[in-house]
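> predicted coordinates and the sequence they were generated for:
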Amino acid sequence: MNHPSVDELVAIAIEAGAAILPFYSSEGTAARTKDDGSPVTAADEAAETVILKRLAEKGITAVIAEESVAAGRIPDVADDFYLVDPLDGTKEFVTGSGEFTVNIARISNGRPVAGVVYAPALDILYAGDESGAFKAAVTDGKPGAKTPISVSTPTGPLRVVASKSHLTDETKAYIEQFDVADFVSSGSSLKFCRLAEGAADLYPRLGRTMEWDTAAGHAVLSAAGGTVSNLDGTPFLYGKSDHSSGAYANPYFVAAANFDPFAIVARAAS
């Protein structure tokens, strides 16, 4: 199968972002609640329709997409498939903060090998694949020059980024094991991108997420030289569907720049 290039995924994400913006207001946007308690808007559905259509035109039908899963449409996928969150950070979208994103990622053998994170209200996108990671401004629906990005190599106190809407007590306790210079709150998959561009060093998430929430940001971070791990330090993988406990639910994870957070935790515990 010929997979779309990262530039083609960027174009799809930008088109999906254009479908979202007519529904967006900085004053706030109405949402309804799904069966799992999470919010959804008409913008989520409009963006997902665009993404699924464009991927299908390229012969890609092995797609796990958030709103399709919520509607019970869960295709059988093998080792190579796509994860789509048409509007990540719905709470940020609803409150009008602008920190919401379109997420598209390709998964191969459990690992995210290409991904795009596009923030349409901020006119910025991040993308990455095996060739590296980049960011670009978006003007009039067109991406500008690609700026290569890479993670930091911290040697002192850490810059920690965490969820704006879902900061749990467990996450706070985990962060307390580190010497923290700065704490930055951010929404949606932009947290992964802060690490990828060297603006933060650590992003722990000890709270509920789904695979489509994290895959694109994980792809960008990996392409920029960072890591995402389970709490025991093993690689964080995808395709973990267990319909008895909730399709495609993630375990807790730790995203990091170019350093080993687990060595710091081990020293703190000794």
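Cool, got the structure.

> could you list the low-pLDDT ranges of the stretch 51-200 of the chain?
Counting by pLDDT under 70, the stretch 51-200 of the chain contains low-confidence residues at 164-165.

> and the helices in it?
Listed in chain order, the helices found in the stretch 51-200 of the chain under DSSP state H, counting those that start in this stretch are 66-70, 90-95, 169-175, 190-196.

> could the ones you listed go into a markdown table alongside mean neighbour count and distance to residue 11?
To be clear about C-beta, it is placed using only N, CA and C from the backbone, and glycine gets the same treatment. Listed next are the helices of the stretch 51-200 of the chain as a markdown table, based on neighbours: other CB atoms under 10 Å; distance: least, CB to CB, whole Å:
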| stretch | mean neighbour count | distance to residue 11 |
| --- | --- | --- |
| helix 66-70 | 20 | 21 |
| helix 90-95 | 22 | 22 |
| helix 169-175 | 15 | 35 |
| helix 190-196 | 28 | 19 |
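
> and stretch 195-215, end to end?
Stretch 195-215 has its terminal residues 15 Å apart, counting by CA to CA, to the nearest Å.

> pull the distance from that stretch to the chain's centre.
Taking CA atoms, centre = their mean, to the nearest Å, one finds the center of stretch 195-215 at 7 Å from the center of the full chain.

> buried stuff in that stretch?
Under the neighbour-count criterion of 16 or more other CB atoms under 10 Å, stretch 195-215 has 195-207, 209-215 buried.

> nearest to residue 51, out of the helices of the stretch 51-200 of the chain?
Using CB to CB as the criterion, the shortest distance between residue 51 and those is 10.2 Å, found for helix 66-70.

> and the closest one, C-alpha only, in CSV?
Backbone C-alpha positions of helix 66-70 (Å, rounded to 0.1, in the frame of the first residue of the first chain) are rendered in CSV as follows:
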residue,chain,number,x,y,z
GLU,A,66,-12.9,9.0,17.6
GLU,A,67,-16.5,9.9,16.5
SER,A,68,-16.8,6.7,14.4
VAL,A,69,-15.8,4.6,17.4
ALA,A,70,-18.3,6.5,19.6
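
> against which helices or strands is it packed?
Secondary structure elements in contact with helix 66-70, counted by 3 or more CB pairs under 8 Å, 6 or more residues apart in numbering; DSSP states H and E, are helix 42-57, strand 80-88.

> for residue 67, which non-adjacent residue is spatially closest?
Across the structure, with CB to CB, 6 or more residues apart in numbering as the measure, the residue nearest residue 67 apart from its sequence neighbours is residue 48 (4.8 Å).

> repeat for residue 250
Distances taken as CB to CB, 6+ apart put residue 209 closest to residue 250, at 4.5 Å, once the chain neighbours are dropped.

> excluding its backbone neighbours, what's nearest residue 251?
Counting by CB to CB, 6+ apart, residue 230 is the residue found nearest to residue 251 once chain neighbours are left out, at 5.7 Å.

> let me know whether that neighbour touches residue 250 as I believe.
No - under the criterion of CB atoms under 8 Å, residue 230 lies out of contact with residue 250, with a separation of 9.4 Å.

> more neighbours: which of those two?
Comparing residue 230 with residue 250 by neighbour count (other CB atoms under 10 Å), the higher total belongs to residue 250, at 21 against 14.

> how near is that one to residue 208?
Here the criterion is CB to CB, to the nearest Å. By it, residue 250 lies 8 Å from residue 208.

> repeat for residue 188
Taking CB to CB as the measure, residue 188 falls 15 Å from residue 208.
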